[in-house]
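Chemist: The following comprises the amino acid sequence and a computationally predicted model.
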Amino acid sequence: MSTSLIEHLPKIVAEGKKEVERILERLSSPNKLTLQTNEYVLPSKDRSGLFRGQAKKLNEQAWLNRLVYGDNLLVLQALLAGDPITALPSMRGKIDLIYIDPPFDSKADYRTKVMLPGTTIEQKPTVLEQFAYSDAWKNGTVSYLQMIYPRLVLMRELLSEQGSIYVHLDWHVGHYVKLLMDDIFGKDNFRNEIVWRRAYSHNDGNKFGCIHDNLYFYTKSKTYWFKSVFIARTEEETIEEYSNIDEKTGRRYKSVSMNAAGDGPPRYFGDKLLSPPPGTHWRWSQERINESLKDGKIFFSSSGTPRYKQFADDIEGKQVQDLWFDFMAISSRSNEGLNFNTQKPEKLPERIIQASCPENGLVADFFAGAGSTGAIAEKLGRKWIMSDIGKPAIMITRKRLIDQEAKPFLYQSIGDYQKEAFTQSRLFSRIGDLAQVVISLYGAIPFPDENNPNRNLGYIKGSKTLVMVDSPSKLTGYATLKKAQELRESFLGGWNKVIVLGWNFVFDIGSQIQALADDRLEVLVIPPDLLDKLKTKAGYQKLLKSGQIRFSSLQYLTIKEPKIKPASDGHEELTIKLDNYVLLSPDALPLDEQNRAKLQKIVAKDPLALIEYWSVDPDYDGETFRSKWQDYRENTENDSDPYHVVSNAKLIIPKVAGKRTICVRAVDVFGFESAVVKELN
């Protein structure tokens, strides 16, 4: 007989607590996780092809909102740890509201549709998304609860004492997660199970249609921040609820009890000293009772009990309860739709933020999806942090924030992601051991240790091709490429060609490869999911037998030589034109054969159509990319083409003395990034 889910729960909790202990211990170690800043986004989109860079200045701010790409378990750790290098203090105890909408259906289809000129491509989740999702469901609900438990504990650590968390789920796992939340937050800190009707009907055949989701609302403590939310009443609702009419004023009112549970002292009602019924107390102070008697708002029932007249026009509206029926999921007719499967209507985060986050408070969403939480927090004057493991989600969110002209924000990712994955690996104790495995999976033969002390070199049998594997703890860049060239010329008598296999790359690696112009040097990407597949010896053996490892080429952007000429008032006009975009091997993308064939046609005919957005930093400092101009697909304020970015940009920018370094950064429809750096006199 199989073990029931209830029997699994104690083990899930015990293992989750041990994992959290390890994570919290690591926060004070030198190996703590950090966030790296990919981009400092100034939301100024191209509207006419000419952008006046002086119109908005990029001001360093005490707080910057953050959009983070990566596994939220790692993001939560990095936020708890903080990082003085990126001016990010520890966020422990500083977040006022967390709303999360984690996946809750193991059979859900998370494919993304990419609209391209004349065709639509269906993209499966990226390899990192696939592994994160398959890990969450590999043993059904047990795996899901194992995934969510440590994340919820870390979220509690991030909440302020006045903070709240809303977890959005449905019937698949909702009540099991509630049991975990009772353990983490305490049953006494459970506030509501909110039922949201997301549809009018859903025909489920031989059972009642499932048309609602559940939101579990907990607080960090008893002293939490909460503000009642009201919605407008219909005239029918007003007549039904406020059925009495005041004889003197003609105003509608309802009769309300003045008692609440718990003992209390007697109060004077005029000249009468009245005790409350046993086990209750009068809700109001003596001063308020006196004032309300004077205003005619207190009357006595036929039994002599004081009652309060609550007038309909004194109330803001109808107070929202725990059944939310006044808005539903986004339909195909909605103007909110962003072509993202799990996108929620804006009214949902709006209500939650208004109820549970004070003005200028901080809101976080670690399953950001289409970015509704941050977008609404921005509109409501709250600060925000969002993260997601899906590149499509990050791109949609970034575009959405620029469209609504949000404040400048940071786009970040987990620093040294592959280094982190290697650190957690139990199969490899040394980087050299991993390099030997990669060499074998590539189809090469490792050199003996006496010739190969770093154990990262191999050769392809029957050819004069040297293979070099870079470390997962490094960013492959110019120094590595020069080292590979030197080894090709000198190692064991020399080689005709050298292939560099890298995990992580400096963001302008494409420019560096082009500058070297060496056709006997090839740079390939080690699959980002490889360390996940190599978690066990069985996984390694399976990979060796199947041979299904694809090492892809790098994508890169080329631009025409930028032009700069004087403009008025101490400014210059900078013109940048895109030239070409070379996509990495389509075989490495999560596409089926039919969609791969569609992509090949676009690659051959219209490669610039693959650019999702591109941006320019005209004063690049070599460290932080500041996007002071950007254009993206679906920005039709500058042209009428929703499937192409504009191919040239003109910026009016302040003059600088000496050389100017510009950086052009592009992200394609699959989320791959590339950049070009140019120096201008």
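Modeler: Cool, got the structure. Numbering: from 1, shown residues only.
Chemist: all contacts plus neighbour counts: C-alpha atoms, from now on.
Modeler: Noted.
Chemist: residues touching L73, list them.
Modeler: Neighbouring residues of L73 by CA atoms under 8 Å, 6 or more residues apart in numbering: 150-151.
Chemist: Assign a three-state SS to E240, would you?
Modeler: helix (DSSP: H, G, I helix; E, B strand; the rest coil).
Chemist: from here on, count from 51
Modeler: Shifting the count to begin at 51 puts that one at E290.
Chemist: Any regions of the stretch 551-700 of the chain where pLDDT drops low?
Modeler: 578-579, 582, 585-587, 589-590, 594-598, 634-638 (pLDDT under 70).
Chemist: Quick one: the strands in it, in order.
Modeler: 554-555, 571-575, 602-603, 606-609, 613-616, 621-632, 661-667, 676-677, 679-682, 698-704 (DSSP state E, counting those that start in this stretch).
Chemist: Show me what the third one is packed against.
Modeler: Looking back up the chat, that one is strand 602-603. Under the contact criterion of 3 or more CA pairs under 8 Å, 6 or more residues apart in numbering; DSSP states H and E, strand 602-603 touches strand 571-575.
Chemist: Same question for the first one.
Modeler: Using 3+ CA pairs under 8 Å, 6+ apart as the contact criterion, the neighbours of strand 554-555 among helices and strands are strand 525-526.
Chemist: Paired strands for the strand it packs on, with orientation please.
Modeler: strand 554-555 (parallel) (DSSP bridges).
Chemist: returning to that earlier point: pick the most deeply packed of the strands of the stretch 551-700 of the chain.
Modeler: Sort these by mean neighbour count, taking mean count of other CA atoms under 10 Å, and strand 679-682 sits at the top with a mean of 25.
Chemist: Name the residues that touch that one?
Modeler: 92-96, 101, 103, 449, 661-667, 694-696, 701.
Chemist: Pull the distance from it to the chain's centre.
Modeler: 21 Å (CA atoms, centre = their mean, to the nearest Å).
Chemist: Stretch 502-509 too?
Modeler: Its chain's C-alpha centre and that of stretch 502-509 lie 39 Å apart, by CA atoms, centre = their mean.
Chemist: gap between the two ends of that stretch?
Modeler: 12 Å (CA to CA, to the nearest Å).
Chemist: Check which residues of that stretch are buried.
Modeler: For stretch 502-509, a neighbour-count test (16 or more other CA atoms under 10 Å) marks 505-509 as buried.
Chemist: Tell me the one of the residues you listed nearest H218?
Modeler: N506 (46.6 Å; CA to CA).
Chemist: Check what pLDDT that closest one gets.
Modeler: As predicted, N506 sits at a pLDDT of 91.
Chemist: show me the contacts for it.
Modeler: So N506 contacts 482, 485-486, 489, 496, 518-520 (CA under 8 Å, 6+ apart).
Chemist: follow-up on the earlier one: in strands only, show me the buried residues of stretch 502-509.
Modeler: 507-509 (DSSP state E).
Chemist: Quickly name whichever of these is closest to F267.
Modeler: L507 (54.6 Å).
Chemist: bridging residues for the closest one?
Modeler: Bridge pairing for L507 - DSSP bridges - gives M518.
Chemist: I figured it hits T515, correct?
Modeler: No. Counting by CA atoms under 8 Å, L507 stays clear of T515, with 10.8 Å between them.
Chemist: For E243, give its distance to C260.
Modeler: 17 Å.
Chemist: so where's the longest helix in the protein?
Modeler: helix 55-76 (DSSP state H).
Chemist: Okay, domains of this structure per the record?
Modeler: Split into domains by automatic domain parsing, the chain comes to 55-81+120-239+266-278+381-465, 281-369, 474-603, 606-730.
Chemist: And the strands of the stretch 551-700 of the chain: which comes nearest G143?
Modeler: strand 676-677 (29.7 Å).
Chemist: Count residues in the vicinity of F240, would you?
Modeler: Using other CA atoms under 10 Å, F240 is surrounded by 20 other residues.
Chemist: before we move on, what about the one 3 residues further on?
Modeler: Using other CA under 10 Å, E243 is surrounded by 18 other residues.
Chemist: In contact with it: list those residues for me.
Modeler: Neighbours of E243 in contact, by CA under 8 Å, 6+ apart: 264-267, 372.
Chemist: And what about it, helix, strand or coil?
Modeler: On the basis of three-state DSSP, E243 is classed as strand.
Chemist: So which residues make contact with stretch 74-84?
Modeler: In contact with stretch 74-84 (CA under 8 Å, 6+ apart) are residues 124, 127-133, 464-465, 470.
Chemist: Can you mark which positions in it are buried?
Modeler: For stretch 74-84, by 16+ other CA under 10 Å, it's 74, 77, 82-84.
Chemist: likewise stretch 252-264?
Modeler: So, applying 16+ other CA under 10 Å, buried residues of stretch 252-264: 260-264.
Chemist: again with stretch 483-495
Modeler: 484-489, 491-495.
Chemist: Tell me the gap between it and the middle of its chain.
Modeler: On CA atoms, centre = their mean, the centre of stretch 483-495 falls 34 Å from the chain's centre.
Chemist: Identify all contacting residues around that stretch.
Modeler: 478, 496, 505-511, 517, 519-521, 593-594, 597, 599, 601.
Chemist: Show me which of the residues you listed are buried.
Modeler: For the contacts of stretch 483-495, buried by 16+ other CA under 10 Å: 478, 496, 505-510, 517, 519-521, 593-594, 599, 601.
Chemist: Show me which pair in these is furthest apart.
Modeler: Taking CA to CA, no two of the buried ones among the contacts of stretch 483-495 sit farther apart than F478 and I510, at 23.7 Å.
Chemist: which is the next helix or strand following the strand or helix carrying A128?
Modeler: If you go by DSSP states H and E, A128 is part of helix 122-131. Sequence order places strand 145-150 as the next helix or strand after helix 122-131, per DSSP H and E.
Chemist: what about dumping the CA coordinates of that following strand to PDB?
Modeler: Output in PDB follows, covering the C-alpha atoms of strand 145-150 (Å, rounded to 0.1, in the frame of the first residue of the first chain):
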ATOM      1  CA  ILE A 145       9.300  43.600   2.600                       C
ATOM      2  CA  ASP A 146       5.700  44.600   3.500                       C
ATOM      3  CA  LEU A 147       3.800  42.400   1.100                       C
ATOM      4  CA  ILE A 148       4.500  39.200  -0.800                       C
ATOM      5  CA  TYR A 149       2.100  37.900  -3.400                       C
ATOM      6  CA  ILE A 150       3.000  34.700  -5.300                       C
END
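Chemist: Would you confirm that Q486 belongs to a helix?
Modeler: Yes. Under three-state DSSP, Q486 falls within a helix.
Chemist: residues near V203, how many?
Modeler: Neighbours of V203 (other CA under 10 Å): 19.
Chemist: Kind regards, and thank you for your time.
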